[in-house]
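**Student:** give me a 3D structure for the following:
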Amino acid sequence: FRRLCASGDENFCKKFTTEIIITGYVIFVAFMSVGISSALRHKIKYRVFYVLHHIVFAAYLLTILHTIDNVERQKGGRSQAFKWFSASLLLYISDRASMYLSHRYHTHVVTAYTIDSEVEDHRLIILKAKKPDLLHFCPGQYAYLKVP
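**Tutor:** Numbering: from 1, shown residues only. This next block holds a predicted model:
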């Protein structure tokens, strides 16, 4: 690219500084960081993995802004990203709200102990808790543990 710009092809060089190209680069970097952190999920801390995956929300916003460039503002009819992403975002928000507002049960740990592993700094934690009376287990259910 440098040779083309140095030889005087200014139109070619200007294309790489337009807002649609710049937002495209940022979106690419955002999704690549999520992809790389997914590949390294066993080597990085979970909190880093979790926070990096929230970059997707910024990428959604950038994708909507990506299609609302000069062409869209002047002529219109090009940006459909908002329609597609708002539907998936609505599903995600509904799922999170349902999970947050659904039944929450509190219980007490009856016993807790660890088993050392052959691998350094790895231990298995075994918790035995009293099952709440109103909680009925079904296949596919999971529980979130809040550890103080």
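
**Student:** avg pLDDT for stretch 67-75?
**Tutor:** Across stretch 67-75, the average pLDDT comes to 69.

**Student:** what of stretch 56-63?
**Tutor:** 84.

**Student:** list the buried residues of that stretch.
**Tutor:** Across stretch 56-63, burial judged by 16 or more other C-beta atoms under 10 Å covers 59-60, 62-63. Bear in mind the C-beta positions are built from the backbone N, C-alpha and C, glycine included.

**Student:** now swap in stretch 23-32 and tell me
**Tutor:** Quick answer for stretch 23-32 (16+ other C-beta under 10 Å): 23, 27, 30.

**Student:** gap between it and the chain center?
**Tutor:** A distance of 13 Å separates the centroid of the chain from that of stretch 23-32, by C-alpha atoms, centre = their mean, to the nearest Å.

**Student:** and if you look at stretch 90-110?
**Tutor:** Taking mean C-alpha positions (C-alpha atoms, centre = their mean), stretch 90-110 and its chain are 19 Å apart.
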